[in-house]
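S.K.: Below: sequence and its predicted model.
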Amino acid sequence: MHQSILVVAAHPDDEVLGCGGTLAKLAEAGATVNVTFLSDGVTSRADAAAPQAVQVEARKTAARQAAHILGVRGVTFGNYPDNRMDSVALLDITQSIEALIARFQPDTVFTHHSGDVNIDHRRVHQAVVTACRPQPGHSVRTLLCFEVPSSTEWQLAGSAPSFAPNWFEDISATLDRKLAALDAYAAELRDWPHPRSREGVDHLARWRGATVGARAAEAFMLGRRIA
């Protein structure tokens, strides 16, 4: 059965960090994969290394390069305020996601975990859950939440729901492509031992794999599965 996948992410690079190896695996198996970013991930920053418009376009270019490496069919970009999505009515975000679901008719949606430190991640999670209400005739049958290094694990215990994965994808064969896609976002990477370093992402994939007997894996929390 042909799979249609939609990733709803807050910022360009979240898709690679959270499920890049899985996307490459699914695309290789013949699934149609689309990714949407609701915010740009750069305009909240105070540094003036380059004009904001230049930074935004550079991030979009990186997203397209990463998509090509992973086998993603297409990417779309929203313009919600970066790191300020809590200033936008949840209904507005939800309706924009509903429009994407109507357009792409995905059977599987990947999105953020509800307990991430980043406010945009949490807001996107809320909106996706609302947009994926299991109404009769709704296309989405599987809803999975991914972890994003330097956001998911930085939440304090008791401050929000913990990420407790119960779904693992073996990415032993696609880890190299995940890391290659991550290289497209070189400007977003940090030096080891930061969790959003190339080494940190590699180590996390290998640890998640080790916990389930694989060379490398990505971990998810299953939100809903309708068989």
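M.R.: On my side now, so go ahead.
S.K.: what sits against the closest residue to residue 20 other than its chain neighbours?
M.R.: Nearest residue to residue 20 in three dimensions, chain neighbours excluded: residue 178, at 3.9 Å (Cβ to Cβ, 6 or more residues apart in numbering). (C-beta placed from N, C-alpha, C; glycine too.) By Cβ atoms under 8 Å, 6 or more residues apart in numbering, the contact list for residue 178 reads 16, 20, 21, 24, 70, 171, 201, 205.
S.K.: repeat for residue 197
M.R.: So residue 197 contacts 189, 190, 191 (Cβ under 8 Å, 6+ apart).
S.K.: Repeat that for residue 173.
M.R.: residue 25.
S.K.: Past the host helix or strand of residue 205, which element shows up next along the chain?
M.R.: Assessed by DSSP states H and E, residue 205 sits inside helix 198-210. Using DSSP H and E, the helix or strand that directly follows helix 198-210 along the chain is strand 217-225.
S.K.: which residues are contacting that following strand?
M.R.: With contact meaning Cβ under 8 Å, 6+ apart, strand 217-225 is reached by 18-22, 110, 113, 129, 132, 134, 141-147, 163-172, 205, 208-209, 211.
S.K.: and if you look at stretch 30-37?
M.R.: Against stretch 30-37 from outside (Cβ under 8 Å, 6+ apart): 2-12, 14-15, 23, 26-27, 63, 67, 70-78, 100, 104, 106.
S.K.: swap the cut-off to 7 Å and go again
M.R.: Stretch 30-37 has contacts (Cβ atoms under 7 Å, 6 or more residues apart in numbering) with 2-9, 11-12, 15, 23, 26-27, 63, 67, 71-78, 100, 104.
S.K.: What of stretch 154-169?
M.R.: 22, 25, 113-117, 144, 147, 152, 208, 212, 217-222.
S.K.: Can you turn the buried part of those residues into a ChimeraX selection?
M.R.: Remark: buried members of those, expressed as a ChimeraX selection using 16 or more other Cβ atoms under 10 Å:
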select :22,25,113,114,115,116,117,144,147,152,208,217,218,219,220,221
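S.K.: For this structure, which helix extends over the most residues?
M.R.: helix 52-70 (DSSP state H).
S.K.: Relative to the whole chain's centre, how far out is that helix?
M.R.: Its chain's C-alpha centre and that of helix 52-70 lie 15 Å apart, by Cα atoms, centre = their mean, to the nearest Å.
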